[in-house]
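Okay, here's the prediction I keep looking at, along with the sequence it came from:
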Amino acid sequence: MVSIRKDSPRSVEERILDAAAACVLAYGVNRVTLAEIARRARVSRPTIYRRWRDTDAILATLLTARIAGVLDDVPGDGVGREQLVERIVRVGDKLRSDDIVMAVLHSAPELAMVYITERLGTSQQILIDALAGELKLAQGEGSVRAGEPRQLAAMCLLITQSTIQSAQMVAPLLDADALSAELAHSLNGYLRP
């Protein structure tokens, strides 16, 4: 089973999210059922309903946990534009290789499109908040251009999100290393004073 956390005893919620992740990998997003999640988590459906209203809510929580987990797994390495860009690129690389995130992008494009074209999701807000704080520090030391940090963070999110979403499409032109290098070049150019 795909564990969302590695270091503590698994709570009922974690077992449910692990079961949802396993279902996504086994069946694709559109064929995940609440009954199968409950069976794999070894809990009753009412236990799940006490925590989430439906399968979509479970999947949204799963994605948020995966994306926020990647951010936590890739700590910053100092203050400054180059360190920040390096962190963004490493987060992007990890998200591009995350089976669950990529399964949602590839097997449920209609779900992904909501967060690409219509509204910011919780995980996107978490990323923007984290980036804005680091951008403000980098502005203070002079390596990032002037501008409202949340606006700069939102644009960095768009650039990186687009790179993640389109990586497969441009793979014949840009392998993983080249894609990361070009993303870093784009972000450095955008943020440079």
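Yes, it's here. What you see is a predicted model, and the numbers here were worked out from it, not measured in a lab.

what's near enough to touch the residue nearest the centre of the chain?
Nearest to the geometric centre of the chain sits Ile67, at 3.1 Å (Cα atoms, centre = their mean). Neighbouring residues of Ile67 by Cβ atoms under 8 Å, 6 or more residues apart in numbering: 95, 101, 123, 126-127. Glycine gets a C-beta too; all of them are placed from N, C-alpha and C.

Now with 6 Å, please.
Going by Cβ atoms under 6 Å, 6 or more residues apart in numbering, Ile67 touches Ser123.

For it, give its distance to Val144.
23 Å (Cβ to Cβ, to the nearest Å).

Can you get me a residue count around Thr55?
Counted with other Cβ atoms under 10 Å, residues neighbouring Thr55 total 19.

correct me, but it touches Leu34?
Yes. The pair Thr55 and Leu34 passes the contact test of Cβ atoms under 6 Å, sitting 5.1 Å apart.

burial measure for Asp177, as a count.
For Asp177, using other Cβ under 10 Å, the count is 9.

So, low pLDDT: which residues of this structure?
Along the chain, the model assigns pLDDT under 70 to residues 1-9, 109, 112-113, 115-117.

if you set the cut-off to 50 instead, what comes out?
For the chain, the stretches with pLDDT under 50 are 1-8.

how about the helices of this structure, start to end?
12-27, 34-41, 45-49, 55-73, 81-96, 99-107, 109-113, 122-140, 149-170, 176-191 (DSSP state H).

Skipping adjacent residues, who's closest to Arg66 in space?
In this structure, Arg66 finds its nearest non-sequential neighbour in Ile100, 5.2 Å apart by Cβ to Cβ, 6 or more residues apart in numbering.

Now do the same contact list for the one you found.
Contacts of Ile100 by Cβ under 6 Å, 6+ apart are 21, 24, 66.
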